Structure formats: C-alpha cells, structure tokens
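Undergrad: I would like to see how this sequence folds:
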Amino acid sequence: MSCARPFPGRCPVTPPAPPARHAPAAAPVPRGAPAATPLPLRVPVRRPPRGAGPAFARALRGNPPPEARARPGAGAAREETAMAQAFTAPRGPRGPEDLWDRDRLVRYLEDRFACAASCRAAATLTARHCGTPGAEPAVLRALRCVEVCDSTARLLGAEPLQDPEDDELRFRLDWCRTTCLDCAAHCAGLPGAEEAVAACRACAASCARFLATLAAH
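TA: Numbering: from 1, shown residues only. Okay, the predicted model is just below:
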C-alpha cells in the first residue's frame, strides 16, 4: 500500500475489512416430504366466574342448551323438500289480469309524471307573465296558483310509488285543478298572459286525467 505523504513510515495503515458472513443456506426439501406444520396459535380460554352455573358456561362457549338444539339435518331436509315442491309445482300461463295490472301501473306512472310536469310549467309561466301591477285579483290568483302548482309538482315528483288510494294525493290534485281553472279565468284578460293561461288549463286537464286514473284503480 503506497502512501502519498513524504514520510512513509508515519502513514497510517487501514486494516482490511473482515469478510462478510453469509447466512447458511437452507437445506433443500426432498421431493415428497410433508410441509412443515405451523405452530397453533394460543387462544385465551374464557372461563366462567366462580359460582356460575352450567347454563352460564354453555352460553359463554356459544353452545345452546340441550332443549334448544334441533335434530341434526332437519333444517336441510326441510329446505330440500320445499325446493322440490317449488320445482315440481305446475306453472300455468299468465292470466290477462297480470297484463292489465301492468298496463294500469304504466298508465298511472305516465299520468303522474305528466301531471307533475304540467304543474311545474304552470307555476313557472304564471309567475313570469301574471305579475302585472294594478290587477290585484288576478295577481292574487296567480300567486296562489304558483304556490299550489309548485307544491303539487314536488309531491308528485318526490314520491312516485305513493299509494293510489291516498286521500291526500286526491285532495292535492283536485285543489290544484280548481286553482288552475280559477287562475286561468282571472288572468285571461291580462296582456301577455296567453301562455300562462294555456299552461293553467293544461295543468287542470292533466290533474283531472290523473284523478280519473286513480279512480280506475
């Protein structure tokens, strides 16, 4: 080892690093030898408190009492019997009443959504074109029509699967129909209110159509 300093005798000599020690390689597992079984985990045993009876001990272990234990295989046998009866039961063709119920449901949903759209359009156009100053009776009717149509549209749009026999729904529809006809009659003479009057009359007709659909159910 050479030293760049002028006095070679005083150059510190760095001792060589010791050789790295490698872990011994694992012995190859012979073919066909069983795999090593991991050690089982130690699960703490829950013991009943001192003085507890056998029922408490069974509940702690998760075992039901003897009188609550069912006969082994009884549940599976009942399920297999029920499945066999369901598969072997005769299946006849669908009757016309099923198709009629489906048609009624489709008509009910279509009329409901159409009525909600008509109420929303009537509320928007009435608020836009019937706010003429100086026509107090017409403005009051228009404001009430806007409020009733908006609440009816929210009711029809928020609960599409409501029971058709609900009295509140029928009352709201009849109230909206009467309010729209009253608003159309008072706003017919206002300038620029033709679209609002037509929307109110269309909303009243849609409410009457939906009431007829509910009566058919």
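Undergrad: Now do the buried residues in the one helix or strand L105 maps to.
TA: Assessed by DSSP states H and E, L105 sits inside helix 96-129. By neighbour count with 16 or more other CB atoms under 10 Å, helix 96-129 contains the buried residues 108, 111-112, 115-127, 129. (Each C-beta comes from the backbone N, C-alpha and C, glycine too.)
Undergrad: By mean pLDDT, which helix or strand of this protein comes out lowest?
TA: helix 74-88 (a mean of 52; mean pLDDT, DSSP states H and E).
Undergrad: wait, doesn't R172 sit right on D150?
TA: No. Using CB atoms under 8 Å, R172 is not in contact with D150, being 11.6 Å away.
Undergrad: With the flanking residues excluded, which residue is spatially nearest to L156?
TA: Counting by CB to CB, 6 or more residues apart in numbering, L156 lies nearest to A116, which is 3.7 Å off, once chain neighbours are set aside.
Undergrad: show me where pLDDT drops low in this structure?
TA: Scanning the chain with the threshold set as pLDDT under 70 gives 1-100, 130-136, 159-166, 217.
Undergrad: hmm, try it at 50
TA: Where the chain drops to pLDDT under 50, the residues are 67-68, 70, 72, 86-87, 89, 92-100, 164.
Undergrad: What's the local residue count around A212?
TA: 10 (other CB atoms under 10 Å).
Undergrad: And it, how close does it get to A153?
TA: Separation of A212 from A153 (CB to CB, to the nearest Å) stands at 19 Å.
Undergrad: Over to R144?
TA: R144 sits 15 Å away from A153, taking CB to CB as the criterion.
Undergrad: When those two are compared, which one has more neighbours?
TA: Per other CB under 10 Å, whichever of R144 and A153 has more neighbours is A153, with 22 against 14.
Undergrad: Give the next helix or strand downstream of the helix or strand containing that one.
TA: Assessed by DSSP H and E, A153 sits inside helix 136-158. Per DSSP H and E, helix 136-158 leads on to helix 167-187 as the next helix or strand towards the C-terminus.
Undergrad: Alpha carbons only: can I get that next one in CSV?
TA: Provided in CSV are the C-alpha atoms of helix 167-187 (Å, rounded to 0.1, in the frame of the first residue of the first chain):
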residue,chain,number,x,y,z
ASP,A,167,-106.7,10.8,0.2
GLU,A,168,-104.1,13.5,0.5
LEU,A,169,-103.0,12.9,-3.1
ARG,A,170,-106.5,13.1,-4.4
PHE,A,171,-107.2,16.3,-2.4
ARG,A,172,-104.0,17.9,-3.7
LEU,A,173,-104.9,17.1,-7.3
ASP,A,174,-108.4,18.4,-7.0
TRP,A,175,-107.2,21.5,-5.3
CYS,A,176,-104.6,22.1,-8.0
ARG,A,177,-107.2,21.6,-10.7
THR,A,178,-109.6,24.1,-9.2
THR,A,179,-106.9,26.7,-8.5
CYS,A,180,-105.6,26.5,-12.1
LEU,A,181,-109.1,27.0,-13.6
ASP,A,182,-109.7,29.9,-11.3
CYS,A,183,-106.3,31.5,-12.2
ALA,A,184,-106.9,31.0,-15.9
ALA,A,185,-110.3,32.6,-15.7
HIS,A,186,-108.9,35.7,-13.9
CYS,A,187,-105.7,36.0,-16.0
